[in-house]
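Chemist: Have a look; sequence and predicted model below, questions after that.
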Amino acid sequence: MNLQKSTDQELIDRFIKGEKRCMEVLISRHKQKVYSYILITVKNTHVADDLFQETFIKVINSLKVGNYTDKGKFISWVIRIAHNITIDYFRKEKNLNTFSNDDHEVDLFNNEKFSDENIEDRLVGDQIINDVRMLIEFLPDEQKQIIMMRHYGGMSFKDIAEQTNVSINTALGRMRYALINLRKIIEEKNIVLTR
C-alpha cells in the first residue's frame, strides 16, 4: 500500500501499530499548514521551528496513548495542539518579562513609559483582543486562516493567495465573508467590542 495515497486515518492507525514512517508522511503532508499557522502567530522562524517540533512531539505522544478521538479531523486537531502550545509560549514569555520594584531605590513604575495608557484601558484593550481571537475560532477554517495571515501575520493579499494556492479575488472574498460572519457572531452573542 502506497503511504502517500493513504488517508490520514489510515496512516494514524498504521503508526499506532508501529509503522513509524506513517508519521513522517503525516508530518510532511501537513507541515506547511501547521508551520504557517505557528509562524503567522509568533512571527519568528526560530521560535516557530521549536513550537512546530513541540507540536508534533505532543501529537506523537497523544497518538501513542490513545488520546486522538477526532476521527477524520486530524489536521484540525493538530492545529488546536499548535494553538495551545503557542498560547503557552506567549504565557511563559509574558511571565519572564516581569519587573520588580523591590530591588531598586528609584521607583521603576514612576516613569512616563508606564503611564501612557492607564491599566483599565490596557485591560479592556487586551480583553477585546482576546474576545476577537476567541470569535475567530468560530469561523470556517479557510476564513480563520485568512484573518490570521492578514491581521496577525501582516501578510498582503497577494502573499496570502500564493501561500494558500488561491486567486487574490478568492482570498479577498474569504476575508469579506470572514468579517461578515464575525459581525453576525458578535450580534448573535450580543458582544460589545469597544473601549
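Modeler: Good, I have the coordinates. Remember, predicted model here, so these are calculated numbers, not experimental data. Numbers count the residues shown, from 1 in each chain.
Chemist: residue contacts, Ile136?
Modeler: Residues in contact with Ile136, defined by C-beta atoms under 8 Å, 6 or more residues apart in numbering, are Lys144, Ile147, Met148, Leu182. C-beta: built from backbone N, CA, C; applies to glycine.
Chemist: show me what contacts the first one?
Modeler: With contacts defined as C-beta under 8 Å, 6+ apart, Lys144 is in contact with Ile136, Glu137, Ala178.
Chemist: so which strand or helix has it?
Modeler: helix 141-147 (DSSP states H and E).
Chemist: what two of the contacts of Ile136 are the furthest from one another?
Modeler: Using C-beta to C-beta, the contacts of Ile136 span at most 12.8 Å, a distance reached by Met148 and Leu182.
Chemist: tell me which element the residue positioned nearest the centre of the chain is part of?
Modeler: Closest to where the C-alpha atoms of the chain average out (C-alpha atoms, centre = their mean) is His83, at 4.1 Å. Secondary structure from DSSP H and E places His83 in helix 74-96.
Chemist: Against Leu63, how distant is the nearest residue to Lys64 once chain neighbours are set aside?
Modeler: Nearest residue to Lys64, sequence neighbours excluded (C-beta to C-beta, 6 or more residues apart in numbering): Ile16, at 7.2 Å. Distance of Ile16 to Leu63, computed by C-beta to C-beta, to the nearest Å: 6 Å.
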